[in-house]
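Student: what's the 3D shape of this:
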Amino acid sequence: MKNPEHVAPFVEAAQIITELKDRANDILSSVLSTDLSAITITGKGNFPYYWQDPSNLKFNKKTYDWISSNLRANTEPVQLDQVFTNYFIDVFSKVNYSLSEEDTAVLNTAHKDATDQQMALLNAWVGAYGSLPPAKDNMQPIDIIMDKIATDWAKPSTTLYDIQKSDDLDRLLNKTPASGKPIVPVLANYLNALGATISLQNNVTMNNGYLSRVLNNVQHPKKENGGLLLNDDSVLPAFQVTTPLSDILNGLKNTSQDAQIDMEISRESESRFQVSVNGKTGFSIPIFDFFTLGIGGNANYFSEDIATSKNSIKISMSFTGVTLVTFLPTDFNIASSLYWAWFDPIRKAEQNSRDKQEEKHISGYKFSPNPATKFGPDGPFGLLNGVAISNYPSVEITVSGEDYKSIQKTFEQSSSVSLSFLGIPLASATESTYSSSINVDSSKSTIKITLTPPQSLIAGNNKDSIAWVLGAIVDYPVQDNSDVELLAKGAYPNYQLYKDNNGTTYCSVKKVKSHAVGSEWVGECLAAHPGTSCSGKPWTSPRQTGVVWP
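Tutor: Numbering: from 1, shown residues only. Purely as a prediction, here's the structure:
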């Protein structure tokens, strides 16, 4: 890239990038739930869309590195930056679930009354396993023991509330190891002693248990906890491309669906062009950051022989096969304890920790300490949920002026050219040439040069295949989108959501088409989580958030 790292690459070309984004928005309007944002292609290059390695069907590391990037703060157009999970770990490790001062007093009284039963449970654990589990920042040994029993000794996992109310603990705790059998009745006695405060204990124990599990999954990914196996045999926190590879390839093959831009170019100085896009006000850009064309051994043929002050130049570019590809981090699944992406606790901690005095009277997720992170576009806690891509462009250059005959002769003597656009070569290292054809109108002293990309770049079929990025779906998953959510309520198709009586938000895995379908999903989700109920009315949203079920 021509621009230094601390400067947004191609800031001069923002008008071109925005125009391409607008064309993609028009073409894909029927399948977009939110408008695309303009995106600057940085050192990560364009999009490696062949996300499944055809040689072993594993996830392509190149695609993973692209979609797992965070968004650099305060950039327009947006830019990809570092690894998003690093920011997630930093923030998520500072989240804990704690009770208000009032609820803490109530639970402490219950604990005092249940001291004998708690000690019996701890002693039973030591008798079975030799020692207590070490305390964590947000969990004492008693909490760790109860969390392990509720999640590891039951399939599907259960809750302390369900254990307290169960008439058949052997059936509920169906994965209890032989060494744990004597512990189960002691646990039941302890939970019964807590009485009506079980919901408070359940929220503290289970929610901090979930937080601990998510943090382990993202810090130490492995296949057993939902880590994603890549084609270099590394295992990393899971992301997923939700557009089938066959749909991507078919979309790129549809060359009739194209985004076109028309540009007029004039020479501003020895080192800069003046460019106007689709008749709009022009902008200045360095020559080599805009467009280069090499032919006949002269890599700078466009700037030295075509785009001179004597000639009038127009360039039309056609980006064919405009296709939407969607992807996202894989959401943590409470029932199975798999995967990692759980943004709801961060969002709630951000809300609950805004006022330290008010925080004392709130039971819920909180920051301790408060992370020095911003969660909107001034981030960097943001990532992409999709991109609009196309094949690399075909190019048509129209030159009017007295040099047209010389240009004609040069192209007649060479069958292929190399070129770049916005500093990016328009072919790979092994496929570095475009084919060319010319059409001359001597009466107007005009030559039209048509440059066509290699066929291997049209819906390529290997793990190194790259598509041009026209625009991106931007997601700031912790940003307060209450206004967006409010506007989306009642709209379909949309994701269906509800919050249960434990404070957990559940979200459908795909968009539902009607209120009836959404209601049916809510009923099924509640049935899959016994002992829970809706807290408030369900709602719909244009984006997924919370715990995705199933």
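Student: Heading C-terminal from the worst-scoring helix or strand of the chain on mean pLDDT, find the next helix or strand.
Tutor: Ranked by mean pLDDT, DSSP states H and E, the weakest helix or strand in the chain is helix 482-488, scoring a mean of 40. Sequence order places strand 495-499 as the next helix or strand after helix 482-488, per DSSP states H and E.
Student: who touches that next one?
Tutor: For strand 495-499, the external contacting residues (Cβ atoms under 8 Å, 6 or more residues apart in numbering) are 505-508, 510-512, 517-518, 521-522, 525, 534-546. C-beta: built from backbone N, CA, C; applies to glycine.
Student: give me that answer again for 7 Å
Tutor: Contact partners of strand 495-499, identified using Cβ atoms under 7 Å, 6 or more residues apart in numbering, comprise 505-508, 511-512, 518, 521-522, 534-536, 538-541, 543-544, 546.
Student: same question, stretch 523-531
Tutor: With Cβ under 7 Å, 6+ apart, stretch 523-531 has contacts from 159, 161-162, 165, 500, 506, 532-533, 549.
Student: could you dump these to TSV with distance to L200 and secondary structure?
Tutor: Shown next, in TSV, are the contacts of stretch 523-531 (distance: Cβ to Cβ, whole Å; DSSP: H, G, I helix; E, B strand; the rest coil):
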residue	distance to L200	secondary structure
T159	13	coil
Y161	10	helix
D162	15	helix
K165	15	helix
D500	16	strand
Y506	21	strand
T532	16	coil
S533	17	coil
W549	25	strand
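Student: Most widely separated two among the residues you listed?
Tutor: The distance between the two most remote of the contacts of stretch 523-531 (Cβ to Cβ) is 21.9 Å, for K165 and W549.
Student: Show me what the top helix by length along the chain is in contact with.
Tutor: Longest helix in the chain by number of residues (criterion: DSSP state H): helix 198-219. Defining contact as Cβ under 7 Å, 6+ apart, one finds that helix 198-219 is touched by 85, 88-89, 92-93, 95-97, 99, 103, 106-107, 136, 138-139, 143, 146-147, 150-151, 159-161, 164, 191, 194, 225-226, 237, 332, 334, 337, 339-340, 342, 345, 502-503.
Student: Emit the PyMOL select command for whichever of the residues you listed are buried.
Tutor: Of these, the buried ones go into a single PyMOL selection, burial set by 16 or more other Cβ atoms under 10 Å:
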select buried, resi 85+88+89+92+95+96+97+99+103+107+138+139+143+146+147+150+151+159+160+161+164+191+194+225+226+237+332+334+337+339+340+342+345+502+503
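Student: For the residue lying farthest from the centre of the chain, report the pLDDT, please.
Tutor: Largest separation from the mean C-alpha position in the chain: S443, at 54.5 Å (Cα atoms, centre = their mean). Listed pLDDT for S443 reads 89.
Student: Now that I306 has come up, it's in contact with Q408, right?
Tutor: No - using Cβ atoms under 7 Å, I306 makes no contact with Q408, being 11.6 Å away.
Student: what about the two, which has more around it?
Tutor: I306 (24 against 17; other Cβ atoms under 10 Å).
Student: Not counting sequence-adjacent ones, nearest residue to that one?
Tutor: For I306, ignoring the flanking residues on the chain, the nearest one in space by Cβ to Cβ, 6 or more residues apart in numbering is V399 at 5.8 Å.
Student: hmm, who's touching the host helix or strand of I346?
Tutor: I346 is part of helix 344-352, with elements assigned from DSSP H and E. Helix 344-352 has contacts (Cβ under 7 Å, 6+ apart) with 91-92, 95, 211, 359, 362, 364-367, 375, 478, 505, 545-546.
Student: give me that answer again for 6 Å
Tutor: Applying Cβ atoms under 6 Å, 6 or more residues apart in numbering, the contact partners of helix 344-352 are 91, 95, 359, 362, 364-367, 478, 505, 546.
Student: For those residues, name the two members farthest from one another.
Tutor: Top of the distance list for those (Cβ to Cβ): E359 and G546, 21.8 Å.
Student: Looking at these two now, which is surrounded by more residues?
Tutor: Taking neighbours as other Cβ under 10 Å, E359 and G546 compare with G546 leading, 21 against 18.
Student: Filter the contacts of strand 495-499 down to the buried ones.
Tutor: 505-508, 511-512, 518, 521-522, 538-541, 543-544, 546.
Student: Can you tell me which of these is closest to N56?
Tutor: Q544 (29.3 Å).
Student: still on that earlier bit, sort the contacts of stretch 523-531 by pLDDT and name the bottom one.
Tutor: Lowest pLDDT among the contacts of stretch 523-531: W549, 82.
Student: And it, how far from P221?
Tutor: Computed as Cβ to Cβ, to the nearest Å, the W549 to P221 distance reads 22 Å.
Student: Then W539?
Tutor: Distance from W539 to P221, by Cβ to Cβ: 32 Å.
Student: do the same with K366
Tutor: Distance, K366 to P221, using Cβ to Cβ: 26 Å.
Student: pLDDT wise, what is N298 at?
Tutor: 84.
Student: Please list all residues in contact with it.
Tutor: Here N298 is in contact with no residue (Cβ under 6 Å, 6+ apart).
Student: Bridging across strands, which residues link to it?
Tutor: Judged by DSSP bridges, the bridge partners of N298 are I295.
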